[in-house]
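[1] show me how the following folds:
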Amino acid sequence: MFSRLFGTCLLGLALNLNLFAAAPAPAAYGPIPTERQLRWHEMEFYGFLHFTVNTFTDKEWGYGDEDPAVFNPTAFDADQIVGAAKAAGMKGLILTAKHHDGFCLWPSRFTEHSVKSSPWKQGKGDVVREISEACKRHHLRFGVYLSPWDRNRPEYAKAEYLTYYRGQLRELLTNYGDIFTVWFDGANGGDGYYGGARETRKIDNRTFYDWPTTWKLVRDLMPGAVMFSDAGPDFRWVGNERGIAGDPCWATLNATGRYPGGSSDGLNSGERPGTAWIPAECDVSIRPGWFYHAKEDAKVKTPAELLAIYYQSVGRGACLNLNLPPDRRGRIHENDLRNLSEFRRILDATFAKNLAREAKLSVSNERGGGKAFSAKHLVDGKRETYWATDDTVTTPEVVLTFKRPVRFNVVDLREYLPLGQRVEAFALDQWQNGQWQEFARGTSIGNRRLLRTDFVTTEKVRLRVTAAPVSPALSELGLYAEPAGVAVGKKQ
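    Next up is the predicted model:
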């Protein structure tokens with residue numbers, strides 16, 4: 001009898017608790033990122049290292065006939081290079097293990113056209129190993145660039161070249177630890193040395209490389225790595241080398257019919273709703289060229305220019321890949337270091353304090369009326385928590401009320417990416433003279449949206465989602481102030 005009564009009480013308790021259970025999470029909308037893509041999104045800012053024979057011949061594209069003896073950095077320092085990237089706030093580095101000239105920065109067993117034929121370290125050096133190990137020491141992720149075009153190799157444009165290329169790719173993916181990305185350049189085919197032929201060779205870039213087989217090799221050997229090309233498969237080119245994403249810049253793309261080196265239509269803005277999650281990377285060099293040239297020492301991008309790029313790349317949902325070309329010593333030049341340091345100082349000062357955490361938050365709706373999707377998640381600094389609304393509420397509002405006026409000029413928004421890109425338009429208002437006044441608006445949010453506005457001083461701020469096909473899911477809302485005298489009045 002007692003057991004029956006006890007069981008009945010437990011059942012009743014369970015039913016009562018169920019009344020207060022959290023509402024189910026919103027259903028995902030449209031294409032969503034993979035785990036490897038989510039890890040890439042979290043990086044936001046990483047770097048390129050363009051370094052090869054071109055550094056010593058003063059060229060951007062080597063012809064393929066360069067004597068390996070020209071490669072001889074006088075004071076190569078992997079820790080100085082990687083340390084510069086770390087100090088700048090980068091989360092990883094991608095090394096040009098082989099550029100179009102075909103010279104390999106590691107002692108590949110498939111060719112003599114590599115560091116093993118150079119005087120550097122008596123032919124015993126390995127740039128790939130030194131940079132990859134320095135990345136481990138500095139806790140940065142390491143990636144490789146392996147140009148599909150090879151102006152040195154006799155077999156290029158012939159079927160046997162693919163065996164050569166994949167053999168080198170296998171070396172890089174099995175001998176240098178964890179690789180976070182493999183970067184496939186879209187430049188391919190043209191004039192070159194080609195083992196002494198000195199001729200022009202053209203290929204059909206839609207079929208010659210048999211990309212599905214190469215991609216499968218990467219997936220098999222390094223399943224956590226993301227791959228870049230004009231069309232993905234994991235992240236795409238943004239369509240320019242200025243580091244500027246479109247506005248909007250959707251993380252989705254219509255993947256059908258696209259191939260590496262193909263049309264750049266739609267890459268800058270993405271496509272909505274799109275058939276696949278293929279977000280954009282913004283690649284740009286800190287100098288006019290991709291490789292080091294002494295004549296460009298006075299043309300390093302200024303901190304203000306780097307900030308503008310940051311807000312128009314990371315601030316539009318893309319990742320920023322900033323090139324830092326080592327000089328002929330094998331070090332990052334002092335001018336580059338100086339401008340990077342000031343750029344980082346300004347960013348650190350800007351994002352040191354989220355003023356939104358001082359506000360009282362009120363929202364027009366919280367999913368299920370419970371705590372699981374509370375507005376407090378907007379300011380807890382965690383990507384894995386988020387504010388969401390009931391399925392029927394697609395245009396909600398958030399109001400931040402302060403005890404005293406606050407002054408800011410940067411607004412920071414994030415969506416909860418595992419549920420897809422849900423918001424299509426939003427607006428921001430300030431409370432002035434007893435009424436709301438709009439001071440900014442935008443479209444895509446995605447991984448991160450930074451709006452750099454004129455300075456606003458107010459006691460209340462309102463975020464309005466003005467268009468969304470489904471209930472929004474936002475993981476972050478921030479208000480920040482750039483330090484005095486920095487880019488006042490500039491809008492991004």
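[2] what is the burial count for the residue nearest to residue 185 when sequence neighbours are not counted?
    Leaving aside its chain neighbours, residue 185 sits nearest to residue 147 (5.1 Å; criterion: C-beta to C-beta, 6 or more residues apart in numbering). Just so you know, the C-beta spots here come from the backbone N, C-alpha and C atoms, and that holds for glycine as well. Per other C-beta atoms under 10 Å, the neighbour tally for residue 147 reads 21.
[3] just checking, residue 417 touches residue 40?
    No - in this structure, residue 417 is not within contact of residue 40 by C-beta atoms under 8 Å, at 10.8 Å.
[4] I'd like to know how far residue 166 sits from residue 240.
    Note on residue 166: its distance to residue 240, by C-beta to C-beta, to the nearest Å, is 30 Å.
[5] which residues does residue 228 form a beta bridge with?
    Bridge pairing for residue 228 (DSSP bridges) gives the partners residue 183, residue 235.
[6] what's the pLDDT at it?
    We note a pLDDT of 98 for residue 228 in this prediction.
[7] put the alpha carbons of stretch 41-50 into CSV.
    Taking Å, rounded to 0.1, in the frame of the first residue of the first chain, the C-alpha atoms of stretch 41-50 are listed here in CSV:
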residue,chain,number,x,y,z
HIS,A,41,33.9,31.0,-36.7
GLU,A,42,35.2,31.3,-33.2
MET,A,43,38.7,32.2,-34.4
GLU,A,44,37.5,35.4,-36.2
PHE,A,45,41.0,36.8,-36.7
TYR,A,46,44.1,34.9,-38.0
GLY,A,47,47.0,35.5,-40.3
PHE,A,48,48.7,34.6,-43.5
LEU,A,49,52.5,34.1,-43.9
HIS,A,50,53.6,34.6,-47.5
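[8] per-residue confidence averaged over that stretch?
    Average pLDDT, stretch 41-50: 98.
[9] stretch 471-490 now?
    Mean per-residue pLDDT for stretch 471-490: 84.
[10] kindly report the same for stretch 148-164.
    97.
[11] helix, strand, or coil at residue 440?
    Following DSSP: H, G, I helix; E, B strand; the rest coil, we place residue 440 in the strand state.
[12] measure residue 128 to residue 52 for me?
    For residue 128, the distance to residue 52 - C-beta to C-beta - is 12 Å.
[13] same drill for the two, tell me which one is more crowded.
    residue 52 (28 against 23).
[14] wait, isn't that one in contact with residue 62?
    Yes - between residue 52 and residue 62 a contact is recorded at 7.0 Å, counting by C-beta under 8 Å.
[15] anything in contact with each of these two?
    99, 101, 103 (C-beta atoms under 8 Å, 6 or more residues apart in numbering).
[16] and which of those is nearest to residue 275?
    Closest approach to residue 275 among those (C-beta to C-beta): residue 99, at 32.5 Å.
[17] surely that closest one meets residue 55?
    No - using C-beta under 8 Å as the test, residue 99 is too far from residue 55 to be in contact (10.2 Å).
[18] which one of those two is surrounded by more residues?
    Applying other C-beta under 10 Å to residue 99 and residue 55 shows that residue 99 carries more neighbours, namely 27 against 22.
[19] ok, which stretches of the stretch 101-250 of the chain are strands?
    141-146, 181-183, 190-192, 199-201, 226-229, 235-237 (DSSP state E, counting those that start in this stretch).
[20] domain map for the chain?
    Taking automatic domain parsing as the reference, the chain has its domains at 35-350, 355-480.
[21] mind checking which of these is nearest residue 25?
    Nearest to residue 25 among the domains of the chain is domain 355-480 (7.4 Å), distances taken as C-beta to C-beta.
[22] how far is that closest one from where the chain is centred?
    Its chain's C-alpha centre and that of domain 355-480 lie 23 Å apart, by C-alpha atoms, centre = their mean, to the nearest Å.
[23] endpoints of that domain, how far apart?
    This stretch, domain 355-480, spans 6 Å end to end (C-alpha to C-alpha, to the nearest Å).
[24] kindly report the same for stretch 422-442.
    Terminal residues of stretch 422-442 are spaced 13 Å apart (C-alpha to C-alpha).
[25] list the buried residues in that stretch.
    422-431, 436, 439-440, 442 (16 or more other C-beta atoms under 10 Å).
[26] and for residue 128 and residue 52, which residues touch both?
    Residues touching both residue 128 and residue 52 (C-beta under 8 Å, 6+ apart): residue 105.
[27] where are the low-confidence patches of the stretch 101-250 of the chain?
    Filtered on pLDDT under 70, the stretch 101-250 of the chain yields no residues whatsoever.
[28] can you pull out the helices in it?
    Using DSSP state H, counting those that start in this stretch, the helices assigned to the stretch 101-250 of the chain run over residues 127-138, 160-175, 211-221.
[29] same check on the stretch 251-400 of the chain?
    Applying DSSP H, counting those that start in this stretch to the stretch 251-400 of the chain gives helices spanning 303-311, 334-350.
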